[in-house]
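> Predicted model and sequence follow; I will ask about them next.
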Amino acid sequence: MPAPTPFVLPYFPETPSQTAGPYVHIGLIPNQAGFDIFKNNFGGDIAGPDVAGERIVIEGRVYDGAGHATKDVLIETWQANAAGRYNHPADQQDKPLDAAFRGWARTGTDFETGIFRIRTVKPGQVAGRRGRKTMAPHVNFWIASRGINIGLATRMYFGDEAAANDQDPVLNIIEQPERRKTLIAPRSERDGATIYTFDIHLQGAHETVFFDV
Amino acid sequence: MTPEFEFHQRDRDIHPPAYTPVYKTSALRSPRISLWSLQNSLSEVTGPTFAREELGPLDNDLILNYAKDGKPIGEQTIVHGHVLDGNGYPVRNTLVEVWQANAGGRYRHRNDTYIAPIDPNFGGCGRMLTDYNGYYFFRTVKPGAYPFRNRVNSWRPAHIHFSVFGSGFVQRLITQMYFEGDPLIPHDSIIATIPDKSAADRLTARLDLNASLPLECLAYRFDIVLRGSRQTLFENKLQGS
């Protein structure tokens, strides 16, 4: 008697990831690559004049394991609006949508300075998983580049939200309080702008907490 | 929020690990501490959406979208396929972005110094939204192979970079598509980062003569699978408008 054929569930396996490579700018941020091709570039100026909320600038660098600031990394952010609602049909929270705010930004670390900069609005608090504890205001980050084989997910929290951060269900699952600090961006003022500094460490003593989401 | 919205756990065995010595640049850019496992909240199951009006009419035609005084040099090629999720359902109205070298293997990028010439009529990037069936297509010229600094004599097989969104931000995927029959595929250090050979082979698009245009254009087929969700049908209703 031949062995019975094992039953395999009919799921399709995900397409494998590959590095975004050194020329990711061509496809995703062509103006940084040095040419202009599309009339409408995505993810640049995301907080136009009609968007509600406190204007903020998120800036920082992405350091490699040698402590060197990378200069070719793609950064995308996804966040709720100022009221704490995502512009997506799965978010049915009873909060106002902001039609002028998609909530998604895309930029790269600068070829010379390594600094990335995102001008946006500060998000509100969002309901936690299945109505559990409310999450503190945060911005979801996703980064990809040469040398990164699969996109890395992390979150940025706000340094001036200490009380909310202390209650945040995601920060609190990180066992070491020292490591939670890698996700909290201090607030400062410069030339009348509100700056949150979020440095990301891919590796090393200050390695940023990355999530398997 | 209800549990119906959750995405299936990502099968990390399909993907390259962060640290792959065969691809040297990964050594200093790979996190060494385990990823913290996070169950889905609204922050994970939502993601950006894009509308057709935001795209230009030539955005998915790389033969014409940067043409200045003629057409780009190279093999005229159609690439097409479906974006599906792990349940086999179409991923509708999702943004697919592509970028590539020209037929000589040179990117229109200020950091690319390879000796092959820039093609004045080729930009090398395009984008499109999938349709109701999850289908996408674009027209381009087949990219050339080119050397890169990894080992002393490392070459990349011809490839096209793909970026896909899906309906939730955790479906976000960047990958590369290769061409059936390319003799550089077994020598490539980037493909070799994927431990599972059958998974790696799914990145090789097959020649698709049925989709080629007689006397005009060859075609390759490349289907893309994003993570499935606990109840995809419900999401399709939301997105299928």
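That came through, no problem. Quantities reported herein were computed from a predicted structural model and do not represent experimental measurements.

> Quick check: phi and psi at B:Lys24.
Summarising the backbone geometry of B:Lys24 under the convention degrees, to the nearest 10, its torsions are phi -60, psi -30.

> That one reaches B:Asn150, doesn't it?
Yes: at 5.6 Å, B:Lys24 counts as touching B:Asn150 under the criterion of Cβ atoms under 8 Å. C-beta here means a position set from N, CA and C on the backbone, and glycine is covered the same way.

> Just the element for the closest residue in space to B:Ile194 that isn't next to it in sequence, please.
Of all residues not flanking B:Ile194 in the chain, B:Ala200 sits nearest, at 4.1 Å (Cβ to Cβ, 6 or more residues apart in numbering or on different chains). Using DSSP states H and E, B:Ala200 sits in helix B:197-201.

> in that helix, what's buried?
The neighbour-count check on helix B:197-201 (16 or more other Cβ atoms under 10 Å in any protein chain shown) flags B:Ala199, B:Ala200 as buried.

> so the most centrally placed residue in chain A, which of the three states?
When Cα atoms, centre = their mean is applied to chain A, the residue found nearest the centroid is A:Phe141 (1.3 Å). For A:Phe141, the reduced secondary structure class is strand; criterion used: DSSP: H, G, I helix; E, B strand; the rest coil.

> immediately after the lowest-mean-pLDDT helix or strand in chain A, which helix or strand?
Least confident helix or strand, chain A: helix A:30-33 with a mean of 85, by mean pLDDT, DSSP states H and E. Scanning the chain past helix A:30-33 towards its C-terminal end, the next helix or strand to appear is strand A:55-63 (assignment: DSSP H and E).

> Identify the residues contacting residue 48.
All of this refers to chain A. A:Ala100 (Cβ atoms under 8 Å, 6 or more residues apart in numbering or on different chains).

> my question was about chain B
Taking Cβ under 8 Å, 6+ apart as the criterion, B:Pro48 is in contact with A:Trp78, A:Asn87, A:His88, A:Arg102, A:Gly103, A:Trp104, B:Phe165, B:Phe169.

> Pretty sure B:Ser163 sits in a helix.
No: assessed with three-state DSSP, B:Ser163 is strand; it does not lie in a helix.

> what's the burial count for it?
If you count neighbours by other Cβ atoms under 10 Å in any protein chain shown, B:Ser163 ends up with 22.

> Report how many residues lie close to B:Pro186.
Residues lying near B:Pro186 (other Cβ under 10 Å) number 9.

> Ramachandran coordinates for it?
Its backbone dihedrals place B:Pro186 at phi -70, psi -10, with angles given as degrees, to the nearest 10.

> That one and chain A, how far apart?
For B:Pro186, the distance to chain A under the criterion Cβ to the nearest Cβ, to the nearest Å works out to 16 Å.

> just B:Ser154 next, same as before
13 Å.

> Tell me if I'm right that that residue and B:Phe148 touch.
Yes: taking Cβ under 8 Å as the definition, B:Ser154 is a contact partner of B:Phe148 at 5.6 Å.

> In chain A, which residue sits nearest chain B?
Closest contact between chain A and chain B, by Cβ to the nearest Cβ, is at A:Gly27 (2.7 Å).

> and that residue, what element?
Under the assignment here (DSSP H and E), A:Gly27 is part of helix A:24-28.

> Tell me the helices and strands packed up against that helix.
Packed against helix A:24-28, as judged by 3 or more Cβ pairs under 8 Å, 6 or more residues apart in numbering or on different chains; DSSP states H and E, are the following elements: helix A:30-33, strand A:74-79, strand A:104-108, strand B:95-100, strand B:125-129, strand B:159-164.

> Okay, strands next: where are they in chain B?
B:36-37, B:76-85, B:95-100, B:125-129, B:135-141, B:146-148, B:154-156, B:159-164, B:173-179, B:204-207, B:218-221, B:224-226 (DSSP state E).

> Give me the distance between the fourth one and the centre of its chain.
By that I understand strand B:125-129. Between the centre of strand B:125-129 and the centre of its host chain there is 11 Å, according to Cα atoms, centre = their mean, to the nearest Å.

> Kindly report the same for the last one.
Between the centre of strand B:224-226 and the centre of its chain there are 10 Å (Cα atoms, centre = their mean).

> Same check on the fifth one?
With Cα atoms, centre = their mean as the basis, the distance from the averaged C-alpha position of strand B:135-141 to the chain average is 12 Å.

> go on, the second one?
Using Cα atoms, centre = their mean, the distance from the centre of strand B:76-85 to the centre of the chain it belongs to is 10 Å.

> Check stretch A:149-166 too.
Centroid displacement of stretch A:149-166 relative to its chain, using Cα atoms, centre = their mean, is 9 Å.

> Same check on stretch A:131-148?
Worked out by Cα atoms, centre = their mean, stretch A:131-148 lies 5 Å from the chain centre.

> what do you get for stretch A:103-122?
10 Å.

> That one: end-to-end distance?
10 Å (Cα to Cα, to the nearest Å).

> And for stretch B:198-216?
Distance between the two ends of stretch B:198-216: 32 Å, counting by Cα to Cα.
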